[in-house]
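> got a structure for you, letters missing:
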């Protein structure tokens, strides 16, 4: 019922994840009200991101350069690799400012149901890095879902041939209430207990 | 922390209404995974909508042509004009398939608080249409907010000099429960009562 170019824009917005008919309409009408330069900036950003951003040759993180900023940063500890499922997890870890090593992005999790096996993931290059003799520790930082556990155990098993392999701790989240924690989390928290620091 | 072109796309998405940091990130990462042609289609749709869509010269509805499809549709009754605040209301009314007349889009509501007076709205052209002698009825279909009431009374008052002016009914929505209706709606529903059709 909208004029063709507007209906088309609404359709295009609706193809984005989590954007329904109403939101798409609201976004499209918003676009019509903005100055042309602003709309042009969004259109250009879309094309530029798609054309310029690829995978870092070393770690698989999203990068506009062949090697990403983290991999080419000499100030970071390159004897430790943190293995994560995707680039979003890298950003989440970077925000903590706790970790100063390098990363390796698998690009997904092993999920036979979705037809994703080890060959579809960025595992070979991880094994090459781990077997270089320069790596002291690989930290598996993968969410503890069914696919996550499978991936951690499979990839961790391969890595153990070359280096020390650890995994991040699972337990009660900070500020979380014991009473409301699920049983599996609680069991993991007990299993992962450590000496009280005096 | 993301590479420049990706960070830029996330920023651009965040400028859209209702899109926060997390959603912008999700949308941008989604874009990187889509085929180039699909991203290009969205970018082109943005530019095309902005460049081609303007206001219908007659009614103010969004249109890629100088006169919109509804205004140029001979099958529609051109003795009746329905006055609405914006194009979204037009689409909502069209979906009912009840109304066969023409429309007039004001482009907003009178709101002195936001510096919007009658001069900022599409009122002069409505008066020209209403005073042509060809209009039998103007239906005011504006939401009953403070600004909506002000607009209905002001515009309706001017229109009465030229033609019959009506307004849409306010009352209990279909499927609505009397018990949960607010007092003003209930009062409007009683005030607007009509004879029971036998």
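It's in. What you see is a predicted model, and the numbers here were worked out from it, not measured in a lab.
> show me where pLDDT drops low in chain A?
Low-confidence segments of chain A (pLDDT under 70): A:198.
> what's the single longest helix in it?
helix A:36-52 (DSSP state H).
> wait, does the next helix or strand along the chain from it make contact with chain B?
Heading C-terminal from helix A:36-52, the first helix or strand you meet, by DSSP states H and E, is strand A:54-55. No: applying Cβ under 8 Å from any Cβ of the partner chain, one finds strand A:54-55 separated from chain B by no less than 8.9 Å. The way it works is simple: take the backbone N, C-alpha and C, and place the C-beta from them, glycine included.
> name the helices or strands packed onto strand A:54-55?
The contact analysis (3 or more Cβ pairs under 8 Å, 6 or more residues apart in numbering or on different chains; DSSP states H and E) places strand A:54-55 against strand A:62-63.
> The strand it packs on near chain B anywhere?
Yes: Strand A:62-63 is in contact with chain B by Cβ under 8 Å from any Cβ, via A:62, A:63.
> Direction included, what does that strand pair up with?
Using DSSP bridges, the strands paired with strand A:62-63 are strand A:54-55 (antiparallel).
> How far off centre is the partner strand?
Relative to its parent chain, strand A:54-55 has a centroid offset of 13 Å by Cα atoms, centre = their mean, to the nearest Å.
> outside of it, which residues touch it?
Contact with strand A:54-55 is made by A:61, A:62, A:63, A:64, A:105, A:107, A:122, as judged by Cβ atoms under 8 Å, 6 or more residues apart in numbering or on different chains.
> wait, the last one sits on residue A:103?
The reference is to residue A:122. No: using Cβ atoms under 8 Å, residue A:122 is not in contact with residue A:103, being 11.1 Å away.
> Look at the two and report which has more neighbours.
Neighbour count, other Cβ atoms under 10 Å in any protein chain shown: between residue A:122 and residue A:103, residue A:103 has more, with 26 against 17.
> Phi, psi for residue A:29 please.
phi -70, psi -30 (degrees, to the nearest 10).
> Who's the closest spatial neighbour of it, skipping the chain neighbours?
residue B:88 (6.7 Å; Cβ to Cβ, 6 or more residues apart in numbering or on different chains).
> Tell me, how many residues neighbour the one you found?
Residues within reach of residue B:88, counting by other Cβ under 10 Å, total 16.
> quick one: it from residue A:35, how far?
Counting by Cβ to Cβ, to the nearest Å, the gap between residue B:88 and residue A:35 amounts to 21 Å.
> In three-state terms, how would the residue nearest to residue A:29 be classified?
Look at residue B:88: counting by DSSP: H, G, I helix; E, B strand; the rest coil, its state is helix.
> sorry, back to before: is chain B within reach of the longest helix of chain A?
Yes: Helix A:36-52 reaches chain B (Cβ under 8 Å from any Cβ) through A:36, A:38-52.
> After the helix or strand where residue A:155 lies, which helix or strand is next? Please name it.
Assigned by DSSP H and E, residue A:155 falls within helix A:146-159. Remark: after helix A:146-159, the chain's next helix or strand is strand A:164-167, criterion DSSP H and E.
> and for that next one, what are the contacting residues?
Contacts of strand A:164-167 (Cβ under 8 Å, 6+ apart): A:136, A:137, A:138, A:139, A:140, A:141, A:142, A:152, A:156, A:159.
> Might you report the residue contacts of the last one?
Contacts for residue A:159 were tallied using Cβ under 8 Å, 6+ apart; they are A:126, A:127, A:130, A:138, A:165.
> Most neighbours out of those, which is it?
Tallying neighbours with other Cβ under 10 Å puts residue A:138 at the head of these, with 25 neighbours.
> Check which helix or strand that residue maps to.
Residue A:138 belongs to strand A:137-140, assigned by DSSP H and E.
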